[in-house]
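> sharing a sequence plus its predicted fold:
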Amino acid sequence: MTVPADTVTAPSGDPAPARVPWWRHALSALVLVGLLAVAGVVADTAPSGGGWQAPVEVEGRLGETVTGRNIEATVRGVRAADSVTTSNGWQGATTGVWIVVDLSVAAVVDDRAALLDGAVLRIGDRSYSASDRPGLSVLAGRSLSVGIPMTGPLLFEIPRDDLDSADGRGARLELGLDADPRVDSLLVVPVDLTELAAVPTIETDEPVLGTPASGEPTEGAAG
């Protein structure tokens, strides 16, 4: 004898599924379009590549105090020489030319591990770091104090051709607390190297705390 399979039948009294109003579909579509538009704006305005890590440049002029997040500096003058003798007796002769920057620099809010490690002279697509060969007779790598500037020289050795080049006219001095200034302040002072006449030699003064009494920049050139 064959036993018929059980058959389940939905109760005839169950309600029909509720229909979603058409305006809810339209509202969902509008919200989706709005989200896509916002995403497009963010994508277009967001820094590309490593732009979000770029340093925050603060530009100033020769003789002007320029202040960043934790560094403040005044470029008092820029000079050029065939050779340099520093206060500790170090002598630098070069087949190029020395750019001597007379600088006052200090920390602003915190002097823990505050060093002048990011001093660069940029000429076109070339960059020259401040020389640390003269040791403590220059400011490169020196510790900075809050509110008490240290005044002294920075030395850059560059090719002589750069002194009279088109790029030299638009050179810029860049100052930061770190050799890698990303996501931090970078002080920028334009310098026109073509206005400099190289002298045979320059003797630099010993770095000191404080600023010169006169407050006047030494001979130099601004961009």
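That came through, no problem. Numbering: from 1, shown residues only.
> low-confidence ranges in the chain?
1-27, 29, 31-52, 213-223 (pLDDT under 70).
> max-length strand in it?
strand 91-106 (DSSP state E).
> report the buried residues of that strand.
Gly92, Gly96, Val97, Trp98, Ile99, Val100, Val101, Asp102, Leu103, Ser104, Val105, Ala106 (16 or more other Cβ atoms under 10 Å). Just so you know, the C-beta spots here come from the backbone N, C-alpha and C atoms, and that holds for glycine as well.
> what are the pairing partners of that strand, and which direction each?
strand 72-85 (antiparallel), strand 150-158 (antiparallel) (DSSP bridges).
> ok, which of the ones you listed comes nearest Leu187?
Closest to Leu187 of the strands paired with strand 91-106, according to Cβ to Cβ: strand 72-85, at 5.4 Å.
> can you tell me which of the buried residues of strand 91-106 is nearest Leu187?
Of those, the one sitting nearest to Leu187 (Cβ to Cβ) turns out to be Val105, at 8.8 Å.
> hmm, the closest one is touching Ala73, no?
Yes. Using Cβ atoms under 8 Å, Val105 is in contact with Ala73, at 4.2 Å.
> tell me, what's touching these two both at once?
Leu175 (Cβ atoms under 8 Å, 6 or more residues apart in numbering).
> this protein: helices as residue ranges?
For the chain, applying DSSP state H gives helices covering 22-45, 166-169.
> what's in contact with the last one?
Put plainly, it is helix 166-169. Ile123, Gly124, Arg126, Asp162, Asp192, Leu193, Thr194, Gly223.
> ChimeraX command to pick out the buried ones of the residues you listed?
Buried members of the contacts of helix 166-169, defined by 16+ other Cβ under 10 Å, are picked up in ChimeraX with:
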select :123,162,192,193,194,223
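> list just the nearest of the contacts of helix 166-169 to Val58.
The shortest gap between Val58 and any of those belongs to Gly223, at 15.1 Å (Cβ to Cβ).
> now for Ala113, how many residues are close by?
When neighbours are defined as other Cβ atoms under 10 Å, Ala113 has 11 of them.
> phi first, then psi, for it.
phi 60, psi 30 (degrees, to the nearest 10).
> and it, how far is that from Val105?
Separation of Ala113 from Val105 (Cβ to Cβ, to the nearest Å): 15 Å.
> now do Glu72
On the measure of Cβ to Cβ, Glu72 and Val105 end up 7 Å apart.
> do the same with Leu136
15 Å.
> likewise Asn88?
19 Å.
> likewise Ser127?
Taking Cβ to Cβ, one finds Ser127 at 19 Å from Val105.
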